[in-house]
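Asks: Sequence first, predicted model second:
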Protein chains: 2
Amino acid sequence: MSWSFEAPLRDMRFVLGHVLDAPAAWAACPAHAELDLDTACAVLEQGARFAAEQLQPLNGPGDRQGCNLDADGRVRTPDGFADAYRAFVEAGWPALAGDPRWGGQGLPLLLDGFLREMLDACNHAWNMYPDLLHGAVHTLAAHAGDELQQRYLPRLVSGEWLAAMALTEPQAGSDLGLLRTRAEPQADGSVRVSGSKIFISGGEHDLSDNIVHLVLCRLPDAAPGTRGLSLALVPRLLPDGSRNAMVCDGLEKKMGLKASATCAMRYEQATGWLVGEPGRGLAAMFVMMNSARLHVALQGLGHAEMAAQNALRYALERRQSRLPGPRAADAGAADPIARHPAMRHVLLGLQAQVEAGRVIAARAALALDLAEHHPDPAVRDAAQARAALLTPLLKAQLTRLGFEGASAALQVFGGYGYVHEYGIEQSVRDARIAMIYEGTNEIQAIDLVQRKLLGDSGTALQALLAECAAEADACLAEPSLEAFGQALREECEAARSGLHALLGLRDPGLVLALAPDVMDALWWLLNTWAFAASARGTLRASDTDAAWREARLERMRYGVDWLLPRARQHWQRVIAGAPALPELRATR
Amino acid sequence: MSWSFEAPLRDMRFVLGHVLDAPAAWAACPAHAELDLDTACAVLEQGARFAAEQLQPLNGPGDRQGCNLDADGRVRTPDGFADAYRAFVEAGWPALAGDPRWGGQGLPLLLDGFLREMLDACNHAWNMYPDLLHGAVHTLAAHAGDELQQRYLPRLVSGEWLAAMALTEPQAGSDLGLLRTRAEPQADGSVRVSGSKIFISGGEHDLSDNIVHLVLCRLPDAAPGTRGLSLALVPRLLPDGSRNAMVCDGLEKKMGLKASATCAMRYEQATGWLVGEPGRGLAAMFVMMNSARLHVALQGLGHAEMAAQNALRYALERRQSRLPGPRAADAGAADPIARHPAMRHVLLGLQAQVEAGRVIAARAALALDLAEHHPDPAVRDAAQARAALLTPLLKAQLTRLGFEGASAALQVFGGYGYVHEYGIEQSVRDARIAMIYEGTNEIQAIDLVQRKLLGDSGTALQALLAECAAEADACLAEPSLEAFGQALREECEAARSGLHALLGLRDPGLVLALAPDVMDALWWLLNTWAFAASARGTLRASDTDAAWREARLERMRYGVDWLLPRARQHWQRVIAGAPALPELRATR
């Protein structure tokens, strides 16, 4: 059995058409008013073909070959990576959701999100190179001056040039306030940037001629901490075609994602231009945070989908041991392991979480589209708040699912899962990093409670709860969906009490101590909503066959019956009051 | 900060002396009556030194170098592995718990278990080679004829020769009934063994001259399934010094444990001798199951300990971000991440589970010692049943902790955790296999419910519950430990109801569907017992300093307060009745 990708196009169509009713949202936005469901799905079908045919075959070989840094600081990516990227650009994929003003196709981020899930499922390492484009484009579009925009945006939107985000320094990882890279203003309006950055994905490679670095740095006499940070655009190739004074010093040897060049970069009086106001660098970076974090979430979702479908195929073929009870008609000396309860738990749990995760991620992407394109400013604001609320949840929980789901799937393969041929061990290694970069999952939990809940006094969550309560009512109105409606109603009530308790906490240390629980509790609320909304969607989806709908419903029921009970503890602690959280001792 | 090992000798002494009162048990067994706590701890101290000085430095380089198979089928292990093994044998470590009749030192398995934890913590891959000796010795001592015993046991007990277990075939992993390797009886009483085996750890290497393979095989006309299996001893070197007709065909390329040679072996009319009766091969193998599975559990514990202590050291040094609240006296621009609540959760959770896991593993090892050496047959039988009950729990849960704990610790290192230098990513890769081999963790759950609970109508669990209830009473008698006593009493009550419900189930499919819940529920009962018994131990441990005792108590309290609530759901499902577990569908 070989590792392969069957795009979840049926599920994506179902989510667009029958869970989220995306066509209604598109109809309300002038920018997307021409788009219909069939067209959207045709685009996804093309994307699926590109991912499965061009990227998936490069995934295993890319892991084994890795990237190579030569003596001149040039990075060679694995065989086939650059060709695949050229084909990707020629087919117009980077421009899919780009602004038509800069040559983009202006399609919804929702479609772009589904495309990314498939690219990540097939080749996370390869997708690291274009994955940062959207964030860079967004940052420049919002903060750069006209000249920089004219010079860089068209070629970034088309994907002709690629981008890199240069934030981390050895002493400054999660805490960017500690970083030291300097920028000295020049008479011509440019800056000279000097310093060392580490962990720069795609800082150097052979996929594009130019690589546009966005570098967090400090101007002379800048304030300490994050308020003193500025953002500079520092391109590998200067406008006159010469090389800029920046060099890749080394590539990290990593657990996984070996085909993605993780560079240590040295800038030695490199020429750059400020993006946005001096001292407002972090604000400029934050513009791209929601979409960049959603992209990382989709990496996790892609891994989980790939792991789930390949493990299922293996489990249907591999026969080991007889089940208790009467012998099945097709039984040989042993039953397919897919029939064994232990494997059903592993795979149903993974499938249910992948399908719910896809619904939640799509809901966030739709919110980003509405925030950008809806004509009503109140709808735009609410959508922006919704996306901001969902973002840390998706980033932390789907990257966790990507790693834990791949590990769960590895278990299905038994000993074969641990060896290279089968692909799943690479998924586990590749998926692990997404829990760390773009803000560790611990930082997502802090962002959730501090900014997204306490920061707006729970307003965005209240709006979400109202939507969930409406879904619960709709389910309760359908006799066959009563269990879903009941479960969702209970989750809403627990969340209301939990939010009330959280807003009443006065000790910021206690808020931080409870952050992981709040994160998990809200994630299970969202899952319950997704289980319920999907279940109700199956009643409407007359365009898909009955067996498929029944199976989808069954998996959502599995989620409520078997997965949801684990969530109950989390609000409990918030509501009842948290026990003491000891300090760590130096000696044990 | 470099990866290093500080042996948890203080904790081991605490567990021996104040949690389990091992000296009292030793005093009751003639074989160990001379042993006292100081002597036992002195042995552990020597073992710790060997592990830290000889093995730990080889761990990272061994991963990078891996094993090499040459054209003649010879396997070269990484530099230093063979020398370290020679030193290990010369120091007498393999013989530690060996039967004095065969040259062993006759020390308790309890000490041997702690030694193994430390060897695994420092170099899991290296310890794979000697780790199978004990099982092979045990199997031969119980089932082989005199001549085989005389020829092989002394040199296996001393470690001069090593052993390998040859079970798995491509079509037969978890289901050994499907295996096909043939053994043909010869006139001289030997057999000729032919067939292919895969995933044979240490099937070929350069650590010892001889490698004694125990090969599961079928005699001609053997019954199908597991009842037709026999066990043959097939040595690499025949008694006349010539090479046997067996060859290593290939080494697996694995996610981790790269320094452990995982061999594909071909036996071509290789000479061997049956161990035990024809058709009773599996029974002969089962003799070593409890100790072999305990050894695998200790691999998980070793990984978790190593991950916990290295992540703690890093967290105490690494400074990122300021905490809310008044600034600490020693605060620079940022606080050590060890002070951040998110990191405290990660590390306290890991520490509490490691310390509880060590207590439970030690309890099982003590039971194995009592089963072997106690003069009272009733005590021996009860101890045997206790070890049998604890074994699947320890194997599944400590290997899960080894992997998940290493991954949790990786998160503490942030981006540095994902690169090779820091050691933790290797731990994640190395630890993963232990969830699969020696019976997958899913099979452990089935073994637990089918054999260890239903198989003896809950007798062994009832005995365990009585011991737990007594511990709960003892805690309730101490005002400062009331919370522990209360929590343990509640767990006992839940377990009693759960066992009752389980014994009443008539549908074997339902029993299998609930097996993962029963496994988790009982593990949390055991943890609660270990938290309580350890807490009470701190009141008595006047030989350790007060700050250490207070910190140990605090971590046990963290376990009850923050970890235990997650357990509550599991019995719930057993008691309330399980929801339906759908079949997996081929299409999604």
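Replies: Cool, the structure landed. Numbers count the residues shown, from 1 in each chain, chains lettered A, B, ... in the order given.

Asks: Do I have it right that A:D112 meets A:L96?
Replies: Yes: the pair A:D112 / A:L96 is scored as a contact, 5.2 Å apart, by Cβ atoms under 8 Å. To be clear about C-beta, it is placed using only N, CA and C from the backbone, and glycine gets the same treatment.

Asks: any common contacting residues for the two?
Replies: Counting by Cβ atoms under 8 Å, 6 or more residues apart in numbering or on different chains, A:D112 and A:L96 have no shared contacts at all.

Asks: Tell me which other helices or strands the helix or strand where A:G300 lies touches.
Replies: When elements are assigned from DSSP states H and E, A:G300 belongs to helix A:289-317. If you count contacts as 3 or more Cβ pairs under 8 Å, 6 or more residues apart in numbering or on different chains; DSSP states H and E, helix A:289-317 packs onto helix A:109-131, helix A:133-143, helix A:341-373, helix A:377-412, helix A:424-432.

Asks: Relative to B:G414, how far out is A:M288?
Replies: 21 Å (Cβ to Cβ, to the nearest Å).

Asks: repeat for A:E160
Replies: Applying Cβ to Cβ to A:E160 and B:G414 gives a distance of 33 Å.

Asks: can you check A:G189 too?
Replies: 36 Å.

Asks: Please apply the same query to A:R86.
Replies: Taking Cβ to Cβ, one finds A:R86 at 34 Å from B:G414.

Asks: which of the two has more neighbours?
Replies: Using other Cβ atoms under 10 Å in any protein chain shown, the more surrounded residue of A:R86 and B:G414 is B:G414, with 21 against 13.

Asks: Domain parsing of chain A, as residue ranges.
Replies: Domain assignment for chain A by automatic domain parsing gives A:9-137, A:162-279, A:441-579.

Asks: Do me a favour and get the end-to-end distance for the last one?
Replies: This stretch, domain A:441-579, spans 23 Å end to end (Cα to Cα, to the nearest Å).

Asks: What mean pLDDT does it get?
Replies: Domain A:441-579 comes out with an average pLDDT of 94.

Asks: tell me how far that domain is from the chain's mean position?
Replies: 20 Å (Cα atoms, centre = their mean, to the nearest Å).

Asks: for chain B, what are the nearby residues on the stretch 251-400 of chain A?
Replies: A:252-256, A:309, A:312, A:315-316, A:319-321, A:323-325, A:333-334, A:338-348, A:351 (Cβ under 8 Å from any Cβ of the partner chain).

Asks: Tell me which stretches of chain A form strands.
Replies: A:68-69, A:75-76, A:162-166, A:182-185, A:191-201, A:211-218, A:229-235, A:246-251, A:262-274 (DSSP state E).

Asks: can you redo those strands as JSON lines with distance to B:A513 and mean neighbour count?
Replies: What follows is the strands of chain A, written out as JSON lines (distance: least, Cβ to Cβ, whole Å; neighbours: other Cβ atoms under 10 Å in any protein chain shown):
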{"stretch": "strand A:68-69", "distance to B:A513": "50", "mean neighbour count": "15"}
{"stretch": "strand A:75-76", "distance to B:A513": "51", "mean neighbour count": "17"}
{"stretch": "strand A:162-166", "distance to B:A513": "47", "mean neighbour count": "26"}
{"stretch": "strand A:182-185", "distance to B:A513": "61", "mean neighbour count": "18"}
{"stretch": "strand A:191-201", "distance to B:A513": "43", "mean neighbour count": "22"}
{"stretch": "strand A:211-218", "distance to B:A513": "52", "mean neighbour count": "25"}
{"stretch": "strand A:229-235", "distance to B:A513": "54", "mean neighbour count": "26"}
{"stretch": "strand A:246-251", "distance to B:A513": "47", "mean neighbour count": "19"}
{"stretch": "strand A:262-274", "distance to B:A513": "43", "mean neighbour count": "22"}
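
Asks: out of those strands, which comes closest to B:D561?
Replies: Of all the strands of chain A, strand A:191-201 sits nearest to B:D561, with 35.9 Å by Cβ to Cβ.

Asks: right, is that closest one up against chain B?
Replies: Yes: interface with chain B: strand A:191-201 contributes A:198-199 (Cβ under 8 Å from any Cβ).

Asks: Dump that strand to PDB, keeping only the CA atoms.
Replies: Below are the C-alpha coordinates for strand A:191-201, written out as PDB (Å, rounded to 0.1, in the frame of the first residue of the first chain):
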ATOM      1  CA  VAL A 191      17.800  52.000   5.900                       C
ATOM      2  CA  ARG A 192      20.900  49.800   6.500                       C
ATOM      3  CA  VAL A 193      19.900  46.600   8.400                       C
ATOM      4  CA  SER A 194      22.500  44.700  10.500                       C
ATOM      5  CA  GLY A 195      21.900  41.700  12.700                       C
ATOM      6  CA  SER A 196      21.400  38.000  12.900                       C
ATOM      7  CA  LYS A 197      18.200  36.100  12.600                       C
ATOM      8  CA  ILE A 198      17.500  32.500  13.100                       C
ATOM      9  CA  PHE A 199      14.700  30.000  12.200                       C
ATOM     10  CA  ILE A 200      13.900  32.000   9.000                       C
ATOM     11  CA  SER A 201      11.800  29.700   6.800                       C
END
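
Asks: now it and helix A:109-131, what's the angle there?
Replies: 100 degrees (axes from the mean of the first three to the mean of the last three Cα atoms, to 10 degrees).

Asks: how many neighbours does the residue of the stretch 51-200 of chain A found nearest chain B have?
Replies: Closest residue of the stretch 51-200 of chain A to chain B, Cβ to the nearest Cβ: A:D175 (4.0 Å). Counted with other Cβ under 10 Å, residues neighbouring A:D175 total 19.

Asks: quick one: contacts for it?
Replies: A:D175 neighbours (Cβ under 8 Å, 6+ apart): B:319-321, B:334.

Asks: Report the two of those separated the most.
Replies: Most distant of the contacts of A:D175, by Cβ to Cβ, are B:R319 and B:S321, 8.2 Å apart.

Asks: Can you check which residues contact both of those two?
Replies: A:175, B:334-335, B:337.

Asks: Of those residues, which is the most crowded?
Replies: Busiest of the shared contacts of B:R319 and B:S321 [other Cβ under 10 Å] is B:I337, holding 29 neighbours.

Asks: shouldn't it be in contact with B:L323?
Replies: No: if you go by Cβ under 8 Å, B:I337 and B:L323 don't touch, sitting 10.0 Å apart.

Asks: The nearest residue to A:V19 once chain neighbours are set aside: how many residues sit nearby?
Replies: Nearest residue to A:V19, sequence neighbours excluded (Cβ to Cβ, 6 or more residues apart in numbering or on different chains): A:G537, at 4.3 Å. Look at A:G537: counted by other Cβ under 10 Å, it has 22 neighbours.

Asks: A:G537 and A:L16, how far apart?
Replies: The value you get for A:G537 to A:L16, if Cβ to Cβ is used, is 10 Å.

Asks: Please apply the same query to A:F403.
Replies: From A:F403 to A:L16 the distance is 27 Å (Cβ to Cβ).

Asks: A:K253 against B:Y422, yeah?
Replies: No: counting by Cβ under 8 Å, A:K253 does not reach B:Y422; the two are 10.9 Å apart.
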